[in-house]
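> below are the sequence and a predicted model; questions follow.
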Amino acid sequence: MVGAKPSGGETVLEVRDLRLELSAKDGARLPVLEEVSLKVGRGEIVGIVGESGCGKSVLSLSVLGLLPPSIRVAGGGIYNGERKELHRLGEKSLQRIRGKEIAMIFQDPMTSLNPGMTVGKQVAEAIRLHTGASKREAEEKTVGLFRKVGLPRPETLYHEYPHRLSGGMRQRVMIAMAVSCQPDLLIADEPTTALDVTIQAQILKLMKTLREEDGTSILLISHDLGLISGVCDRIAVMYAGRIVEEGAAAEVLRHPAHPYTAGLLASLALPSKKGTRLHSIPGSVPALRERGPGCAFASRCPYAADRCLAEKPALRGVAGSAFPRSAACHLLGEEGGLANVGS
Amino acid sequence: GGGNGNGNGGEAASSPSAGAPASEAASASPSASGEPSGGKKQGGNVTVLILQDLDFLDPHQAVAAGTYEVLFNVFEGLLKPNEKGELLPAIAESYTVSDDGLSYTFKIRGGVKFHNGQPLTSADVKYSYARLAGLDTGKPLQATFGGVRSVEAPDDSTVVITLKEPNSSFLTALTAAVIPNGYQDSNKNPVGTGPFKFKEYTPGQHLVVEKFPDYYQAGVPSLDQVEFRIVSDPQAGLLALKSGEIDIYPRIGTEQLEQVASDFQTLSTPQNLVQLVTFNIDRKPFDDIRVRQALNYAIDKDEIIQGVALGKGTKLGSNLSPVLAKYYQEGLEDKYKTDLEKAKSLLKEAGYPDGFETTLSVPSVYQFHVDTAQVIAAQLEKIGVKVKLEPVEWAVWLERIYKGRDYDTTIIGLDGKLDPYQILNKYLSDSPNNFFNYSNPEFDSTLQAAVAETDDAKRIELYKKAQTLLADDAAAIYIMDPNTNVALNKKLAGYKTYPLYVQDLSSVYFTE
Amino acid sequence: MSAPEAILELHHIEKSYAPKRWLSRGETLRAVDGVSLSVRKGETLGIVGESGCGKSTIGQIASLMLRPTGGSVVFKGEELVPGRRSPRDSRRSRIQYVFQDPYSSLNPRFTIGRLLEEPLAIRKKGTRRERRREVLRMLSRIGLDPAYADRYPHELSGGQRQRVGIARALMPSPELLVLDEPVSALDVSVQAQILNLLKDLQAERSLTYLFISHDLNVVHYMSDRVAVMYLGRIVELAEVGELYDGPLHPYTRALVDAIPDEPGTTPREAEIIEGELPDPRQLAGGCAFRARCPFAHERCGRQPLLEEVKPGHYVACHLLEPDRD
Amino acid sequence: MRRRINMTVGLLLVSMLFVLMLVSLFYTPYEPNAMRIADRLSGPSASHWLGTDNFGRDLLSRSMVGTQTAFLVGAASVAIGAAGGLLVGSLAGYAGKWADELLMRATDALLAFPGILLALLLVSVFRPSLLQTILAIGILFVPSFARVVRSGVLQQREADYVRAVRAFGAGHVNVLFVQILPNIASSIITTAALSFSTAILIEAALSYLGLGVQPPDPSWGRMLNESQTYLSAAPWFTLAPGVLITISVLGFNLLSDGIRDARDVRA
Amino acid sequence: MNYYFRRLFTLALTVVLVLILTFSVFRVIPGDPALAILGVEASQEQIEMLSEKLGTDRPMAVQLLEWFRGAATLDLGTSLRYSEPVSDLIASRLPVTLILALESVAIVIAFSIPLGIAAARRPGKAADLAVSVLTQLGLAVPSFWMGILLLLLFGLTLNWVPVSTYVGWDENPWLALRSTFLPAAALAIPQIAIVVRYLRTSLLEQLNLDYVRTARSKGLGDRAVLYGHALRNSLLPVATVIGIQFGELLAGSLVIEQVFSLPGFGSLLISAIGNRDYPLVQGLVLFIAASVIVVNFLVDLSYRWLDPKIKLR
Ligand SMILES: Nc1ncnc2c1ncn2[C@@H]1O[C@H](COP(=O)(O)OP(=O)(O)OP(=O)(O)O)[C@@H](O)[C@H]1O
Ligand SMILES: Nc1ncnc2c1ncn2[C@@H]1O[C@H](COP(=O)(O)OP(=O)(O)OP(=O)(O)O)[C@@H](O)[C@H]1O
Ligand SMILES: [Mg+2]
Ligand SMILES: [Mg+2]
């Protein structure tokens, strides 16, 4: 499970057997994430895809200790490159890591910036906080960053309030803010979902450039398989709080090992399927409370067996693939051979 | 005017003119408070609470009783009433009346100065009284001067006033203020000849006067400065008194008077005011004397005096307060002693065996009357008369009820004057102020005869007869003359209470 | 350009929004600026374009929910004035509109049954009984258990709600459905269910679709012809295959380039157009795409007209003018 | 938790007062207007739980009867305000354009005016009395209800579900009463509960100034007015009406909060 | 520009509406100002004379027009009762009411912001609950009764503060402040409750917004997030509320002045209504309405500072 592309085996983030629990109003403890393991190597772009509510955002928030009060870490751990146990760190230590070692970009650039503060100041604030730079230095650096992320007229833009910027520009500001302290890892939670098609492409390209120029690792979260597959080195597919499949992007897409991944790919309305009936996954994602003891996908899975309803499959390595990959499905043979599912 | 109670009283009847012929001394108005032990101390500042703001500083324009109360210290007329209601010479040293009763000749006191230092002459008197009588305009500023034909000043120290017809009550008008000849600025900076001179006035807050050193009476006043502070809320007034912020609280509520009795000097005296329930005699069923009498029998005045005035009031039987002892017809108070059976049978006779419904309008600003009205409503209920209380604003009361005579019954306090004619003339059939719609030719002729009568004893008899006529006719329900109460700082002495709406600070002094 | 078999024709539709507040002089916004379009019977006409370019406005005008500031709507050869005529006009019910957001378009206080019954009840069609039967029949047709008739919208999943939305639009038996982003709010795995349902219904009832979406893949899959909109205008209109394989307008080209590669195929080197969408309130006139167009020159200061460059392929771009000559 | 507390306590207080009011219709320990001058201003005792006033009337009985006035003033003025607001608000919101502009400017003018001051002026036009107080307060409430209704209507009018039924040819009446109003009912009810307590407060203030409810109609504010003369002699006099006002305002405020919270939950 | 024009137009319209309203009030109510001044003893001639002098014998419309003509040149006419220029009377009472209102606003701000923050920081916890109970009570106690209670406690029982003596602002500012403290506090208490509730809601709302998460993800501490980001944005609705409150405070002072017997607008207005002193009533109403409107206008302008998003269109 080592980064597929550049620079050896250095890991900037490792999530191991993470379990998150939500305390519901009635006192019930509901598992939001179960046994999630993930590694991000230096310079790597890792994608996480999955449908709404599967736990992508809580996973990313848990890394920086930004979980809402109702959700807590109930098992497993999160480690950064120096193997610090992030989930055990106090608020003060986390504050030193946030923005400096690990930075985040959120889905909606419209609401993620403070509407009452100029965008320049919001970026400079982060710089001053972590580098102790003077106001002047921070401003200069901010302007430089603005230029780097492709914002026009960076000097005047510095003094603008967010509402005067378009969505794409705001997302660039967010990126500038995130990379302002050269973090090792950038977590981007659906950074393009709120943007238009042509702008989406621009932002993804910018992220790629950042990785190339600064060697920043990126954890890219999306619900759109097609969109991020081109950018990522590896992807992890999540379903109902678990990672069901993980591996090199191209391989996962070309030969999905898990019936869910396969079903997802089959149901995409791709141009190649024009004129044919789309394969569809029946039913919908089970709600938190409806998750039974077995595989969460079992009720929708065409191959589901008795075992699938009774027992949760673990994530296991998949053999016969050029790059390391794994999947969580009982259908995979004991030796991990690829089950030939999908179209 | 109102009553005592919460100090809301006293504004209803508000002509400043009052008085009685000097020679004809009035009753035994109680005077000065109990003399304290310590000796007299010269000087000092005193704060007196007043309840309402002043209307005009110009004494000729002012009509509010509350204004007269204060300006009494600043202005003087030819004559001036004392605490017994007697008229004493003031600016005038002496006077004579012609035999036909038409011409009055006054000798001006020497050495009287205005506050601006200018000596007073007969020209000033002429200017002032001619102005009041409206000799130039034809419209008198004050009704009491309506009968003046001319004012002459034959020399510097003589003034001659001529009337159109004889009027035994005219002398009381001559307490009206004398101001400098031609002076127009009275409303901004009033100038008079009284013991105190005007210092400053802030509307809604206070009026300050200071000692006038050149006052013609030596040693008067004793105080250096007096502040009349406007505190409209009685509770706040009480607090201010207790905290020593004010020294004299006139017209303090009876409840409150009892509360402060241990720490302050207190006075409680009748105030020459008639509180009454009037009927609109033109309206059914009040056109029937039996109904009016029935209601009179149904009322328990003692209970009202107990309940509303805490016993501090004098029961009345006609429209005159016993303060004017000389004219007062005794024995009328119990003419209609409470007798529910009689009341019911009278009602039955009149054709109302089950009583009737009526509206009692009461000016809502006067808590004292509102309280009285509630008790009366409860009492009349007992003979089957259902009384609907209708609180009305003061301005509405004046216009609709007093001027418009559009009401069933109402409750009010009529301010006393020093002269009975000016009190009783409302009941004249042709009086514009006869809001009772009372009409009795015998009463008219009696009162007319009284005012023209020059013989003292005969006049008294006629006035007494007039009172009896009112009582016989049950022209109204006469309730009481509520006491006026004063609380004073224990260090003060020399305070006098008047049967008039005045505060006289000239005699007040500090003790050691 | 109206074809003989056209069921719906839009002629020079304009829609501008005046500034809201009284006495303020802000610029008017031309949401739709001279759009002509004809929809053929039985076809699916797709409309794509970026957010705010006027897709929904067109859709609502076409379904007579919004009154345009200019132009006319002709349905089966008869001119209809949206918003003005009697709402119970039976012709009106021949065109129905399906909302993007399956939640907000359903009154949260009504049961599914009542929601479906409403279009009939308003028109006082049939007895209560008959309407109820109709509702239950429709429920089973769209793949929902009839028991759902007594449930409330918030008890349903997104996909189920969208089914209800579609079912409701079908209740008055329309001939034309305007589908405004019917699957954008749905998860990928559910999208396919709805798209399949739409395809089935179309075949069954010989429906005509005006299909609006910003997802180029979905439009490609659903449509026979596709119109591309940019800031209130149609910039290109063609058969779907032709448009995706040989886009002529620079903007269409950029859009098609931005389509992610099909998973598993070798990645193309996509060309990405620079710049942001301009504020539609502050368009200077001329070609709206000028500011972002890599090929812009001074001719683009004039507004290009939508011209037929090949049979059935219309483009509004000055670059293509020499080709025609 | 917090939500349920608001609702529960609010309901508890309001229903307590309501029961008190019902009881007072049939039974009070003493005839509320019966005077016993001998017993005047006596402190709380076994025979008079809350003491007596300056006429020896039983304060408990009078306070109980005061609930009738409070409820009457509250309910009637809220009814007037809600009816007027509904009319004005739905007209403005639904008709739009100049009608909206006109009506909203007028409500702005009324709203720019401090409530008490307006009530004071209105009451002095109408002459002080119970009925006029109700009218004045009712008129005072029209703008706030109108705003709530208008913004609700404006919001809902453009909501997809309303546009949907309009597309089916639903008439204005249907849209307004069947679709829109039920969905803004909760905000109207919230406003109503809040206005109820405001009405009680304003009535108390007006009566305290001597401009509202007039004797012999019982009113807590009037009682406070009367009590102030005897503040130091009979401090208990001021307590009963003051506490009752506080309780009823508290009750209706909590109820209003409770309703609003309950609505939030469903949304 | 346009925005200001429209605002001003609306403002003027509002004021005129308010004035016509007040004037109509006086058209309908019975009560003759001359009679109200002269009282029961006045003769018909006196009343007529005074009416002529006051100008109240002319038709109402003429009086209204005249008054408006004067008001346009800032001449509010002469009080019928006090025969002093209305503007002088207002000026003489203004300090009291203004101090009272401003002191209340100051008290409101001083108390509500810390309380609101305390409540919003840990929603549902002890501090929040305590604040919530206090605000509910604060809202429920009528301010004039609160005034009576304060008077009873601090004035009568404890003797801490001077009561009923109003000391002029020019005489002794410190004493003036002290003597208005109790009434100002009584006025402020319900308003504090209102502001605390708004601030709490608004702050909680802001703290739940995405940008707060962004700020935290930068590594900012709790205090920096609260004070540097959320508080400022949440002050926007609070400023509006305080603007509206200014009017309520002015009006509330009418009542509270009666309790504490302060020589402010309250007693003047109530007696002016009683006396049918319509120039005075009109003047006061105009003044109060105008100040309320001006304050609201200023609050509107402060939006610009607090919320850059509102382009004053
Ligand atoms: N603040 C919260 N309170 C309660 N439950 C929450 C909260 N945040 C997330 N959840 C629950 O946790 C689960 C995972 O949510 P998460 O936001 O991580 O999903 P997601 O994959 O990011 O979805 P989306 O694509 O919609 O953003 C969901 O079931 C959601 O309901
Ligand atoms: N009621 C309205 N008032 C003012 N402007 C409006 C209104 N409705 C739409 N607009 C504007 O008209 C333009 C076109 O809107 P429309 O909803 O048709 O776009 P769209 O292509 O459907 O966008 P999306 O993909 O976001 O749904 C936009 O700029 C929008 O802001
Ligand atoms: Mg998410
Ligand atoms: Mg749209």
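That came through, no problem. Ligands and ions are numbered 1, 2, ... in the order given.
> residues contacting residue D:75?
By Cβ atoms under 8 Å, 6 or more residues apart in numbering or on different chains, the contact set of residue D:75 is residue D:196. Yep, even glycine has a C-beta here, placed from its N, CA and C like the rest.
> ok, it to residue D:14 distance?
Look at residue D:75 and residue D:14: by Cβ to Cβ, to the nearest Å, they are 12 Å apart.
> for residue A:265, same thing?
In terms of Cβ to Cβ, residue A:265 sits 60 Å off from residue D:14.
> name the residue in the two with the higher neighbour count.
Comparing residue A:265 with residue D:14 by other Cβ atoms under 10 Å in any protein chain shown, the one with more neighbours is residue A:265, at 24 against 21.
> tell me the SS of the more buried one?
Recorded secondary structure, residue A:265: helix (DSSP: H, G, I helix; E, B strand; the rest coil).
> doesn't residue A:253 make contact with it?
Yes: the criterion here is Cβ atoms under 8 Å, and residue A:265 meets it with residue A:253 at 6.7 Å.
> who's in contact with the nearest residue to residue C:188 once chain neighbours are set aside?
Counting by Cβ to Cβ, 6 or more residues apart in numbering or on different chains, residue A:264 is the residue found nearest to residue C:188 once chain neighbours are left out, at 5.9 Å. For residue A:264, the contacting residues are A:225, A:237, A:256, A:281, C:188, C:189, by Cβ under 8 Å, 6+ apart.
> quickly name whichever of those residues is closest to residue E:245.
Taking Cβ to Cβ as the measure, residue E:245 sits nearest to residue C:188 out of these, at 51.7 Å.
> and the gap between that closest one and residue C:103?
For residue C:188, the distance to residue C:103 - Cβ to Cβ - is 18 Å.
> between these two, which one's more packed in?
Using other Cβ under 10 Å as the criterion, residue C:188 and residue C:103 rank with residue C:188 on top: 22 against 17.
> the more buried one and residue A:267 touch, don't they?
Yes: if you go by Cβ under 8 Å, residue C:188 and residue A:267 touch, sitting 6.4 Å apart.
> how about the helices in the stretch 251-400 of chain B?
Secondary structure of the stretch 251-400 of chain B (DSSP state H, counting those that start in this stretch): helices at B:254-260, B:289-298, B:301-309, B:340-350, B:367-381, B:394-396.
> with mean neighbour count as added columns, please give the ones you listed in TSV.
As requested, these are arranged in TSV below (neighbours: other Cβ atoms under 10 Å in any protein chain shown):
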stretch	mean neighbour count
helix B:254-260	21
helix B:289-298	23
helix B:301-309	22
helix B:340-350	18
helix B:367-381	23
helix B:394-396	23
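> and of those helices, who's closest to ligand 1?
helix B:367-381 (61.4 Å; Cβ to the nearest ligand atom).
> any part of the closest one near chain D?
Yes: Helix B:367-381 reaches chain D (Cβ under 8 Å from any Cβ of the partner chain) through B:367, B:370, B:371, B:373, B:374, B:375, B:377, B:378.
> let me know the closest of those to chain A.
residue B:367 (55.1 Å; Cβ to the nearest Cβ).
> distance of the closest one from residue E:8?
Plainly put, residue B:367 is 46 Å away from residue E:8 if you go by Cβ to Cβ.
> also residue B:204?
Distance from residue B:204 to residue E:8, by Cβ to Cβ: 33 Å.
> quick one: which of these two has more around it?
Per other Cβ under 10 Å, whichever of residue B:204 and residue E:8 has more neighbours is residue B:204, with 21 against 11.
> quick one: contacts for that one?
Contacts of residue B:204 (Cβ under 8 Å, 6+ apart): B:53, B:230, E:89, E:92, E:93, E:263, E:267, E:268.
> which residue ranges form the helices in chain B?
Secondary structure of chain B (DSSP state H): helices at B:65-71, B:122-133, B:234-242, B:254-260, B:289-298, B:301-309, B:340-350, B:367-381, B:394-396, B:420-424, B:441-452, B:456-472.
> how about the closest residue to chain A within chain B, nearest residue that isn't a chain neighbour?
Per Cβ to the nearest Cβ, residue B:204 is where chain B lies closest to chain A, at 45.4 Å. When the adjacent residues along the chain are set aside, residue B:204 lies closest to residue E:263, with 4.0 Å between them (Cβ to Cβ, 6+ apart).
> what about the strand or helix carrying residue D:88, average pLDDT?
Residue D:88 belongs to helix D:59-95 when assigned by DSSP states H and E. Taken as a whole, helix D:59-95 has a mean pLDDT of 91.
> stretch A:283-300 too?
Stretch A:283-300 comes out with an average pLDDT of 86.
> now what about it, what contacts it?
A:22, A:28, A:30-32, A:51-54, A:239-242, A:244, A:258-260, A:263, A:281-282, A:301, A:304, A:307-313, A:328-330, C:157-160, C:187, C:189-190.
> buried subset of those as a ChimeraX selection?
Of those, the buried ones go into a single ChimeraX selection, burial set by 16 or more other Cβ atoms under 10 Å in any protein chain shown:
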select /A:22,30,31,32,51,53,54,239,240,241,242,244,258,259,260,263,281,301,304,308,312,313,328,329,330 /C:157,158,159,160,187,189,190
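> which members of the contacts of stretch A:283-300 are positioned in helices?
Among these, the members that lie in helices (by DSSP H) are A:259, A:260, A:263, A:307, A:308, A:309, A:310, C:158, C:159, C:160, C:189, C:190.
> can you give me the distance of the residue lying closest to residue A:159 once chain neighbours are set aside to residue C:60?
Using Cβ to Cβ, 6+ apart and skipping the chain neighbours, the partner closest in space to residue A:159 is residue A:118 (5.2 Å). The gap separating residue A:118 from residue C:60 is 38 Å, by Cβ to Cβ.
> among these two, which residue is more densely surrounded?
Each of residue A:118 and residue C:60 has its neighbours counted (other Cβ under 10 Å); residue C:60 has more, 23 against 18.
> ok, that one - contacts?
C:66, C:97, C:178, C:180.
> ok, now residue B:344?
Contacts for residue B:344 were tallied using Cβ under 8 Å, 6+ apart; they are B:294, B:383, B:384.
> same question for residue A:12.
A:40, A:41, A:42, A:80, A:81, A:184, A:185, A:217.
> inside strands: which ones of those residues?
The strands, defined by DSSP state E, take in A:40, A:41, A:80, A:185, A:217 from these.
> quick one: pLDDT of the fourth one?
Just to be clear, that refers to residue A:185. With respect to pLDDT, residue A:185 scores 94.
> from what I can see it touches residue A:100, true?
No: Residue A:185 sits out of contact with residue A:100 when judged by Cβ under 8 Å, with a separation of 10.8 Å.
> report the separation between residue A:128 and chain D.
Shown here: residue A:128 relative to chain D, a distance of 39 Å by Cβ to the nearest Cβ, to the nearest Å.
> that residue and residue A:140 touch, don't they?
No: assessed by Cβ under 8 Å, residue A:128 is found out of contact with residue A:140, at 12.0 Å.
> okay, those two: which has more neighbours?
residue A:128 (19 against 15).
> so the more buried one is in which element?
helix A:119-131.
> kindly list the main-chain dihedrals of the residue lying closest to residue C:56 once chain neighbours are set aside?
Take residue C:56 and drop its neighbours on the chain: the residue closest to it by Cβ to Cβ, 6+ apart is residue C:180, 5.4 Å away. According to degrees, to the nearest 10, the main-chain angles of residue C:180 amount to phi -100, psi 100.
> how many other residues sit next to residue D:168?
Residue D:168, neighbours per other Cβ under 10 Å, totals 23.
> could you check how far it is from ligand 2?
Between residue D:168 and ligand 2 the computed distance is 20 Å (Cβ to the nearest ligand atom, to the nearest Å).
> for that residue, which non-adjacent residue is closest in space?
That would be residue C:119: by Cβ to Cβ, 6+ apart, it lies 4.2 Å from residue D:168.
> and the one you found, which of the three is it?
helix.
> pretty sure it contacts residue C:168?
Yes: judged on Cβ under 8 Å, residue C:119 makes contact with residue C:168 at a distance of 6.4 Å.
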